[in-house]
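Enquirer: Turn this into a structure:
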Amino acid sequence: MSEVFYYAEANVACTFILGLILLKINQGIDRQASTILIRRMIYILIAYFLSDAVWALFEGGIFPSNHTLMYIVTIIPYACILGSSYCWFVYCELLQQNRNVLYSPGMVKRSVPMVIAIILLFVGAFTGLVFNFDEEGAIEYDALYGIFMLVPIGYLVYSSIKGFYKAYTQDRYMDHSLYFVIGIFPILPLACGVLQVIYLTTPIMCYAATLSVLMVYLTSMENLISMDSLTQVNNRHQMQRYLLRKMKTQTPGLSLYLMIIDVDHFKEINDNYGHIEGDKALIRVATAMKEACQAHRNRFFVSRYGGDEFIIIAETEYKGEVNWLSDKIRSSVKQLNDKAGAPYDLTVCVGIAEYDFSSPVPIPSLIARADTDLYHMKHARA
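Expert: The predicted structure follows:
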């Protein structure tokens, strides 16, 4: 009897923890589709925890029940598992810039397995094809149970594989930790889900799901404060973390360069056309940098250093590639500005400094070298 109450209490405790996370999300100003989805997933998980607690009380004989009632209280937690796994799948797709999942026919195509599973659950449960109960009321899994569980497992495993792939191919350093968490997120619930099936009266799944959601939430918050909100590139803090890591060990066959990009006459743009137009100019520069770095995104790190200054950390085989990148950024800035029809010329200067692994210097000294090169370029163009 005490095991039943402990099981129910564990689910209620996890509900309280997810409720606190949900409260923090609702208090935030972020209303992106991905945030809405993670919020929905938490709502469904809360429903799962509460319905699972109710199931435990019925299954343990605390509440009187019959076969029909046991079918109902057993179906609801499984339906919640299915819904939360689908929300997680769509959330992961949105993080990877696949917005087709929100619109037809993309949404319809990806929700087909979930719809089939729901039909299978409600029809198969009452016919004894998914699960059944023996004379003593203990649950027995039947022929279609494994097929039904393949759907939520499939959503989770697919998202996990894609998350790990993105973690090692994404160009934005600040996203690496989030994609890595996406990759490992399903592992804990899946492993604990298997244990939960074996040890039905031991609260394992609720702890695993809560811990996984907490990891995603904390990582998302860390990434949010590590991104420049205006230009959507890495911020100064992330640049320093990344550069410090790169300065410790040289990548074989590659040299390490720091490029500092400065917007020409940015104060005049702000004074003559307003700060809103100045923000648009910075966004164009950041866009030009990201487009220029796209060809070798894993070796170029784009960040905003502050004000109208940006920094790119580049690993290249030879300096000519860095010079090519510098020219590409300048031409892309002009093209984007002309395309926007801005009433002013937008140009940038680029300073370059190579890091010497045989004579290490701190980050400020490396930036100072690039700043000196930037000054010489501005002076030559004056």
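Enquirer: wouldn't residue 37 be in contact with residue 93 here?
Expert: No: between residue 37 and residue 93 there is no contact under CB atoms under 8 Å: 9.4 Å. C-beta: built from backbone N, CA, C; applies to glycine.
Enquirer: Distance of residue 339 relative to residue 281?
Expert: Separation of residue 339 from residue 281 (CB to CB, to the nearest Å): 13 Å.
Enquirer: do the same with residue 94
Expert: Distance of residue 94 to residue 281, computed by CB to CB: 29 Å.
Enquirer: For residue 315, grab phi and psi.
Expert: Per-residue torsions, residue 315: phi -110, psi 120 (degrees, to the nearest 10).
Enquirer: confidence score at it?
Expert: Per-residue confidence (pLDDT) for residue 315: 92.
Enquirer: which residues does it contact?
Expert: 246, 251, 254-257, 299-300 (CB atoms under 8 Å, 6 or more residues apart in numbering).
Enquirer: quick one, helices of the stretch 101-250 of the chain?
Expert: Using DSSP state H, counting those that start in this stretch, the helices of the stretch 101-250 of the chain run over 106-127, 145-169, 173-184, 187-198, 205-224, 236-248.
Enquirer: what inclination does the lengthiest helix in the chain have with respect to helix 106-127?
Expert: Assignment by DSSP state H gives helix 67-95 as the longest helix of the chain. Going by axes from the mean of the first three to the mean of the last three CA atoms, to 10 degrees, helix 67-95 is angled at 160 degrees with respect to helix 106-127.
Enquirer: Counting by contacts, list what helix 67-95 packs against.
Expert: Under the contact definition 3 or more CB pairs under 8 Å, 6 or more residues apart in numbering; DSSP states H and E, helix 67-95 sits against helix 33-59, helix 106-127, strand 131-133, helix 145-169, helix 173-184.
Enquirer: What count of nearby residues applies to the residue nearest to residue 209 when sequence neighbours are not counted?
Expert: Computed as CB to CB, 6 or more residues apart in numbering, the closest residue to residue 209 that is not its neighbour in sequence is residue 189, at 5.3 Å. When neighbours are counted by other CB atoms under 10 Å, residue 189 registers 28.
Enquirer: Check residue 189 and give its pLDDT.
Expert: 80.
Enquirer: ok, it - contacts?
Expert: By CB under 8 Å, 6+ apart, the residues touching residue 189 are 156, 205, 208-209, 212.
Enquirer: Check residue 251 too.
Expert: residue 315.
Enquirer: mean confidence for stretch 114-131?
Expert: For stretch 114-131, mean pLDDT rounds to 78.
Enquirer: Which residues does it contact?
Expert: Residues outside stretch 114-131 that contact it (CB under 8 Å, 6+ apart) are 71, 74-75, 78-79, 82-83, 86, 139-145, 147-148, 151-152, 155.
Enquirer: what about stretch 261-270, how long is it end to end?
Expert: From its first residue to its last, stretch 261-270 covers 18 Å (CA to CA, to the nearest Å).
Enquirer: so how far is that stretch off the chain centroid?
Expert: Centroid separation for stretch 261-270 versus its chain: 33 Å, with CA atoms, centre = their mean, to the nearest Å.
Enquirer: Just the buried residues of that stretch, please?
Expert: Of the residues in stretch 261-270, 261-263, 266, 269-270 count as buried by neighbour count, 16 or more other CB atoms under 10 Å.
Enquirer: Also stretch 229-238?
Expert: Buried, per 16+ other CB under 10 Å, within stretch 229-238: 231, 233-235, 238.
Enquirer: just these now: which is nearest residue 53?
Expert: residue 238 (41.3 Å; CB to CB).
Enquirer: still on that earlier bit, which ones among the buried residues of stretch 261-270 are found in helices?
Expert: Per DSSP H, helices hold the following members of those: 266, 269-270.
Enquirer: export those to TSV and tack on distance to residue 344 and pLDDT?
Expert: As requested, these are arranged in TSV below (distance: CB to CB, whole Å; pLDDT from 0 to 100):
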residue	distance to residue 344	pLDDT
266	10	92
269	6	93
270	11	92
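Enquirer: average pLDDT for the helix or strand that contains residue 256?
Expert: Assigned by DSSP states H and E, residue 256 belongs to strand 255-263. For strand 255-263, the mean pLDDT works out to 95.
Enquirer: So what pairs up with the nearest residue to residue 354 once chain neighbours are set aside in the strands?
Expert: Leaving aside its sequence neighbours, residue 354 sits nearest to residue 257 (CB to CB, 6+ apart; 5.3 Å). Residue 257 has the following beta-bridge partners by DSSP bridges: residue 314, residue 354.
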